[in-house]
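Participant: Provide a 3D model corresponding to the input given below.
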Amino acid sequence: MRSEQIVAYGEPLASNTTDAPTPDAREVLVRVRNCGVCHSDVHLHDGHFELGYDKRLDLSSGRSLPFTMGHEVEGEVIALGDQANGVAIGDRVVVYPWIGCDNCDICTAGDGHVCNQPRAIGVNIDGGYSDHCLVPDTKYLVPYGDRSSALAATYACSGITAYGALEKAGVRTLAGPLLIVGLGGVGMMGLAFAKALTQGPVLVADIDAGKREAALAAGAAGAFDSANKAAINALRGTTGGGAAAVIDFVGSEASFAFADRCLDKGGHLVVVGLFGGRMSMPIPMFPLRNISISGSYVGSLAQFREMMALVRAGAVAPIPLTEKPLGDAGATLDALRAGQVLGRVVLTP
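Facilitator: As a prediction, the model looks like this:
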């Protein structure tokens, strides 16, 4: 099988050819048809997250090189282990990649996506920047009905990350406007799911005018330039005080500061993005403003199945997609670094 792999952190990907693995027990071999490229792949390729104050979180330990990234996988089942059931050869599926150890209390509670011993596909074990991907268990394979196969791949991260954050923000019962900060692939997916889950106004903010225009075309009730200092007062005036909930899909110092200042009293700020940096806030302002701030990391397998039921029902509008050959994986990572991607790029081996 052919794979685009990390051979040294921060260095160009290498195209390597190896034998395809043979599935054992409940394992499944999937022929990859589509694999989305996520901004978190940029951080993994770099080998670190920026923590601010010249500090970094090392991401280079715990895996052997060469390593195959890619956690947004759609493909065809082509081989089954002798204990695998529930799927058949030829089935087209989306792979839920956020796999834990399957033994600890966290996994038993259904939260394997935050397991302390993760086995996430494309993050901890080889993933979908390849023409084959080995999946540990059939329970991680989910059908997507008659939706586009390329779009289906993006729900494995963009979709479940947006869906999980919206659920954490309480979007179904939100008494006031929602603000989405950052209109990359996950932010655009957040807008699509927000339109499906709430009847309230959904506002957006981004520094890129083209992305703001795309969001307005997709149904956003208003769009703001987060690099413009006047945007905060404009948004607060439009909403009568601020947003009831804000989801920061960027996760930078600048985006967090903007999101915080756009939050109304009693509001909830959910941080999703991993761009990096640090935040500092006066402690008394938490109770005085009656606000809550939380993080959100992808979503559980149960949430993924709920989300895919919405997708199969046609309730979620598609996000912009660009399909590129597998060999363009490295160039796509560079485009993401430069902020030049609208929606999602999907690799097609």
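
Participant: In this structure residue 95 contacts residue 74, no?
Facilitator: Yes: contact criterion C-beta atoms under 8 Å: residue 95 and residue 74 qualify, at 7.3 Å. The way it works is simple: take the backbone N, C-alpha and C, and place the C-beta from them, glycine included.

Participant: what do these two both touch?
Facilitator: residue 156 (C-beta atoms under 8 Å, 6 or more residues apart in numbering).

Participant: ok now the lowest-mean-pLDDT helix or strand in the chain, how far from the chain's centre?
Facilitator: Here the helix or strand of the chain ranked lowest by mean pLDDT, DSSP states H and E is strand 48-52, holding a mean of 89. Put simply, strand 48-52 sits 18 Å off its chain's centre (C-alpha atoms, centre = their mean, to the nearest Å).

Participant: helices and strands around that strand, which ones?
Facilitator: Judged by 3 or more C-beta pairs under 8 Å, 6 or more residues apart in numbering; DSSP states H and E, strand 48-52 is in contact with strand 55-58.

Participant: Give me the residues contacting the strand it packs on.
Facilitator: With contacts defined as C-beta under 8 Å, 6+ apart, strand 55-58 is touched by 47-51.

Participant: Mind doing that once more with 6 Å?
Facilitator: 48-49, 51 (C-beta atoms under 6 Å, 6 or more residues apart in numbering).

Participant: export these to JSON lines and tack on distance to residue 284?
Facilitator: Shown next, in JSON lines, are the contacts of strand 55-58 (distance: C-beta to C-beta, whole Å):
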{"residue": "48", "distance to residue 284": "34"}
{"residue": "49", "distance to residue 284": "29"}
{"residue": "51", "distance to residue 284": "25"}
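
Participant: sec struct for residue 164, please.
Facilitator: helix (DSSP: H, G, I helix; E, B strand; the rest coil).

Participant: phi, psi of residue 66?
Facilitator: phi -70, psi 150 (degrees, to the nearest 10).

Participant: residue contacts, it?
Facilitator: Here residue 66 is in contact with 5, 7, 16 (C-beta under 6 Å, 6+ apart).

Participant: how about a cut-off of 8 Å?
Facilitator: The neighbours of residue 66, taking C-beta under 8 Å, 6+ apart as the test, are 3, 5-7, 14, 16.

Participant: Repeat that for residue 227.
Facilitator: Applying C-beta under 8 Å, 6+ apart, the residues contacting residue 227 are 207, 254.

Participant: what kind of secondary structure is it in?
Facilitator: coil.

Participant: any idea of the pLDDT on it?
Facilitator: At residue 227, the pLDDT value in this model is 96.

Participant: ok, it to residue 245 distance?
Facilitator: In this view, residue 227 and residue 245 are 22 Å apart by C-beta to C-beta, to the nearest Å.

Participant: Next: residue 86.
Facilitator: 37 Å.

Participant: quick revisit: just the buried ones from the contacts of strand 55-58?
Facilitator: 48-49 (16 or more other C-beta atoms under 10 Å).

Participant: which one of the contacts of strand 55-58 sits closest to residue 34?
Facilitator: Within the contacts of strand 55-58, proximity to residue 34 (C-beta to C-beta) peaks at residue 49, which comes in at 26.7 Å.

Participant: Double-check that closest one against residue 278; I have them as touching.
Facilitator: No: with contact defined as C-beta under 8 Å, residue 49 does not reach residue 278; the gap is 11.7 Å.

Participant: hang on, residue 187 is in a strand, isn't it?
Facilitator: No: secondary structure of residue 187 (three-state DSSP): helix, not part of a strand.

Participant: What is the burial count for the closest residue to it other than its chain neighbours?
Facilitator: The shortest distance from residue 187 to any non-neighbouring residue, by C-beta to C-beta, 6 or more residues apart in numbering, is to residue 249 (4.0 Å). Residue 249: 32 surrounding residues under other C-beta atoms under 10 Å.

Participant: Touching, residue 249 and residue 274? I think so.
Facilitator: No: with contact defined as C-beta under 8 Å, residue 249 does not count as touching residue 274 (9.9 Å).

Participant: okay, and the common contacts of those two?
Facilitator: Contact with both residue 249 and residue 274 is made by no residue, according to C-beta under 8 Å, 6+ apart.

Participant: Tell me which helix or strand the nearest residue to residue 216 once chain neighbours are set aside sits in.
Facilitator: Setting aside the residues directly before and after it, residue 216 is nearest to residue 223 in space (C-beta to C-beta, 6+ apart), at 5.2 Å. In this structure, residue 223 sits in strand 222-225 according to DSSP states H and E.

Participant: on that earlier part again, Provide the contact partners of the least confident helix or strand of the chain at residue level.
Facilitator: The contact list for strand 48-52, computed with C-beta under 8 Å, 6+ apart, reads 9, 43, 56-60, 253, 274-278.

Participant: Now rank the residues you listed by neighbours and give me the top one.
Facilitator: residue 275 (20 neighbours).

Participant: what about that residue, distance to residue 255?
Facilitator: Counting by C-beta to C-beta, the gap from residue 275 to residue 255 is 7 Å.

Participant: just the helices in the stretch 201-349 of the chain please.
Facilitator: Assignment of helices within the stretch 201-349 of the chain using DSSP state H, counting those that start in this stretch yields the ranges 209-217, 230-239, 253-261, 285-289, 301-312, 329-337.

Participant: Residue 64: which of the ones you listed is closest?
Facilitator: helix 329-337 (19.2 Å).

Participant: other SSEs contacting the closest one?
Facilitator: strand 28-37, helix 39-46, strand 344-348.
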